[in-house]
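J.: A structural model of the following input is requested.
(2 chains)
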Amino acid sequence: MAATKTSKEQKYDRQLRLWGDHGQEALENAHICLINATATGTEILKNLVLPGIGAFTIVDGHKVSGEDVGNNFFLSNNSIGKNRAQAATELLQELNSDVSGNFVEESPDKLLDGEPEFFHRFSLVIGVQLPESTCLRLGVVLWNASIPFLVCRTYGLTGYMRLVVREHTVVESHPDNALEDLRLDQPFPELKNHIESYDLDSMEKKDHSHTPWIIVIAKYLENWRSEHDSQLPKNYKEKEAFRELIRQGILKNEHGAPEDEENFEEAIKNVNTALNPTKITSAVEDLFNGEQCNNISAQTPSFWVMVRGVREFVRNEGNGCLPVRGTIPDMIADSHKFINLQNVYREKAMLDATVVSKHVESLLQSVGKPTESIAEQEIKLFCKNAAFLRVVRCRSLADEYSVETFNRDEITSCMDNPDSEMVLYLMLRSIDRFYQQHSRYPGVYNYQVEEDISKLKVCVNSLLQEYGLSVSVKDDYIHEFCRCGAAEPHTVAAFLGGSAAQEVIKVITHQFVPFNNTFIYNAMAQTSATLQL
Amino acid sequence: MVVNGGSGDQCEWGGRWDHVKKFLERPGPFTHPDFEPSTESLQFLLETCKILVIGAGGLGCELLKDLALSGFRHLHVVDMDTIDVSNLNRQFLFRPKDVGRPKADVAADFITSRVPGCCVVPHFKKIQDFDETFYRQFHIIVCGLDSIVARRWMNGMLMSLLVYEDGILDPSSIIPLIDGGTEGFKGNARVILPGMTACVDCTLELYPPQINFPMCTIASMPRLPEHCVEYVRVLLWPKEKPFGEAVALDGDDPEHIQWVFEKSLERAAEYSITGVTYRLTQGVVKRIIPAVASTNAVIAASCATEVFKIASSAYIPLNNYLVFNDVDGLYTYTFEAERKENCSACSQVPQDLQFPSSAKLQEVLNYLTESASLQMKSPAITATIEGRNKTLYLQTVASIEERTRPNLSKTLKELGLSDGQELAVADVTTPQTVLFKLHLTS
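T.: Below you'll find the model as predicted:
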């Protein structure tokens, strides 16, 4: 209905400008599972409900305690004693009527025992404040079902997130500082022709001052190449000389002083980046050489079929280059010249995309799939983003925890600095051990703090020993992790709530790039680190 | 004991503050040197500590929640805006039925009813509507503003509260200022101890310059869809006055935006420019900055953590600037922003102006607005000439602007200014007049 669409568009306007209507659609088709409606859990969900996630289901067997209500905005004191999943669902649901909220009054362990397929219905599962054993069990189920799993935890002033996903592909990574794709080092025929249509020497001042800097550089590059054996200016000295050449081209007035030609100033400023050779990044080359790209079958996801399509283009019609991106930055120029130049790039981009489409079509045909299974629009978007494709693989928890495959190097090199966030990771692993041994977390009650310090130290040492890690964990951290008594301060939960929700949105929308694979937040120092464990 | 708020429910229940107490009642290895574990700290937070939250928008809503759940029960919130439907994707204290109501009021109501015992006093006002007596009552001030001008004003206000005795700063006159800002997936949080650490003006150059298109592009050489919209906003609207003689373009009026959109399409068609959409049009007219709940949650949480640290001494506060970006993974960077030696807001160093006596007043005005370290918006310049206070130029009142405009083309000598004299400059970026010493050369 038009009216509803407009009001949703209005409500979501500020975020639609970030991930577009198609991103929003992906969000609205997603169903997220949250395990444990603690403050961390409800804060994460709040930041998914507000932007309009399709549906959520909270799995939680706990009853609401007075402590729970104290740090959780989505539990009220009249729900003390009631099931926590139900209580939180009510107040979260109330945030956005577009979202469908559900709850299951059950512990995840029970579900894993009796009905692990329960989790297969979700787009992604978020596990909050999970004991290690539950976490690992759930990890196996979700890994085997290829469902992304985000583990989150607030422990005192430490925040922890771990993303587990076999393979996550990103077409629209939206890089912050992308280099332009101007092809000045190897202009395609249509660009060459267009450049030829300009004769700077015979232009009137008005035209001369409003010629796009791309043309200016291209013209001076032609001159340079004819005198330098077809080579580009290569080092600082040559680029300086090249800049000077352009500067000399600025028109002079009747007194011999240079006129004000902003387009020439722009050309000079852009010499450095404009002369970068058109190259395929190693990240993209890796995709071309990847197994999925080499072995296209009927099960191959669209992403890889398109990678292969682009690769075919690169190795044939593209002459070693990706399809032209088709965009140019704004620059001083009159409208006519700018639009014409922009169209040269746009039309070439369309042409290249069409060729890539043909390759994709024949690939699909070769594995017996209909050509409509990958839409023209998708291929166009893919080609436009070909230089920025990203694939993120966050390995399984089983691999992280196994003595055979754990990432020794990452741990030992980080611990060269004993205050690196890695120590917080080791502490979290240690308190998990404590929990396994004592069925409780250290220092929860005041009287326990002192005696638990030595017990926790034993856990730290046994952890280090089991993994053969010769790193030292400062006593201060052991003390702190007893002191905080497994508290979940709201502000730390809220920080994680924002961080985790955005990572979930990235995974669901396939836009922007998720972290890989462990994020630690230290609220004491207000620092953070991403570790690959 | 405060019994404000809630539907008659108790304000305390067993375990309510357990998550907070562990950090107040236990000694620890990373606490602030001043920290003393005690049960009194919690009482201080609950009963005495007064926090002011500036802004009840994306950051403000989060801040109020974070502070309320950290034990702060005496909160004030200032916001001059009313609720718009586009706020609802992140300003979670508001509902569709609240559209049109003052943000401060609705936010205060919601927190007060959801968090029993927490008292939030709303102020549907501009920050400039209050003076020192208002601001002085708070222990800590947290800002969730959306404008640099407002931040600078707040910064200036707290500077004006500082008391110096024989050149020594009285620490009891310092009110810590925690400032947060967000834009899309980027944000920052900083701790400012006025008179001691870098202030907003010390780091003015850190803020990215605002994009404004050159007039010749707008008027005669559009290339981008944005240029077409700006043409309609800046040139066509004043000319055609489509909704009446004195009716200014209101970015919140869909009819106005629709008109601008249609005219922008016409302009774009003239130049074969593609890409003008309703969404783009509105974005340009209102200078819309994209926003999501998640970034605001992260930055507000960082700020609230610092408020807690400072109020309780539980940990050493952030020293002093945190930058956050989650476009590609999650990135944070923490550093100590340095004080500027001659900062016009906090250094107490007299500001110097140097001009030839043949320079026109316009040049001085240009310097005040264009200099990277001053970036004034519409400065009013006064001076004492021959014993009398004379307004040399003032923009913000039309009649005075007209009267003083001829002074802009007069030279400093012609205006009767002498070497070494003081110029007093007032501007929206500061509540206090900035004094400049004028050095006339030649």
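J.: Regarding chain A, what is its longest helix?
T.: helix A:335-366 (DSSP state H).
J.: Return the set of buried residues in that helix.
T.: Within helix A:335-366, the residues that count as buried by 16 or more other C-beta atoms under 10 Å in any protein chain shown are A:335, A:337-339, A:341-342, A:344-346, A:348-349, A:351-353, A:355-361, A:363-364. The way it works is simple: take the backbone N, C-alpha and C, and place the C-beta from them, glycine included.
J.: element containing B:N366, please.
T.: Element membership of B:N366, judged by DSSP states H and E, is helix B:361-370.
J.: List the contacts of that helix.
T.: B:353, B:355, B:374-379, B:381, B:392-393, B:407-412, B:415, B:423, B:425, B:427 (C-beta atoms under 8 Å, 6 or more residues apart in numbering or on different chains).
J.: Okay, and which of those map to strands?
T.: If you go by DSSP state E, the contacts of helix B:361-370 have B:L353, B:F355, B:I381, B:L392, B:Y393, B:L423, B:V425, B:D427 in strands.
J.: ok, these vs B:C49, which is closest?
T.: Nearest to B:C49 among the ones in strands among the contacts of helix B:361-370 is B:D427, at 33.2 Å by C-beta to C-beta.
J.: Next, the contact list for the closest one, please.
T.: Neighbours of B:D427 in contact, by C-beta under 8 Å, 6+ apart: B:L368, B:M376, B:K377, B:S378, B:P379, B:A380, B:V434.
J.: Bridged to it, which residues?
T.: For B:D427, the beta-bridge partners are B:T430 (DSSP bridges).
J.: Can you list the low-confidence ranges for chain B?
T.: Low-confidence segments of chain B (pLDDT under 70): B:1-10.
J.: Can you show me the helices along it?
T.: Secondary structure of chain B by DSSP H: the helices cover B:18-25, B:40-43, B:58-68, B:103-114, B:132-135, B:148-160, B:215-220, B:225-231, B:237-240, B:254-270, B:278-285, B:293-312, B:361-370, B:398-404.
J.: dump the residue contacts of the residue nearest the centre of chain B.
T.: In chain B, the centroid-proximal residue (C-alpha atoms, centre = their mean) is B:R151; its distance is 2.9 Å. Applying C-beta under 8 Å, 6+ apart, one finds that B:R151 lies in contact with B:C143, B:L145, B:D179, B:G181, B:V200.
J.: What sits closest to the fourth one if chain neighbours are left out?
T.: Looking back up the chat, that one is B:G181. Closest residue in space to B:G181, ignoring its immediate chain neighbours: B:N188 at 5.4 Å, by C-beta to C-beta, 6 or more residues apart in numbering or on different chains.
J.: what about that neighbour, neighbour count?
T.: 21 (other C-beta atoms under 10 Å in any protein chain shown).
J.: Equivalent analysis for A:H62, please.
T.: Using other C-beta under 10 Å, A:H62 is surrounded by 15 other residues.
J.: what are the phi and psi values for it?
T.: phi -80, psi 160 (degrees, to the nearest 10).
J.: Contacts only, for the residue nearest to it when sequence neighbours are not counted.
T.: Spatial nearest neighbour of A:H62, chain neighbours left out: A:R84 (4.7 Å); criterion: C-beta to C-beta, 6+ apart. Taking C-beta under 8 Å, 6+ apart as the criterion, A:R84 is in contact with A:N36, A:A37, A:D60, A:H62, A:K63, A:V64, A:D68, A:L75.
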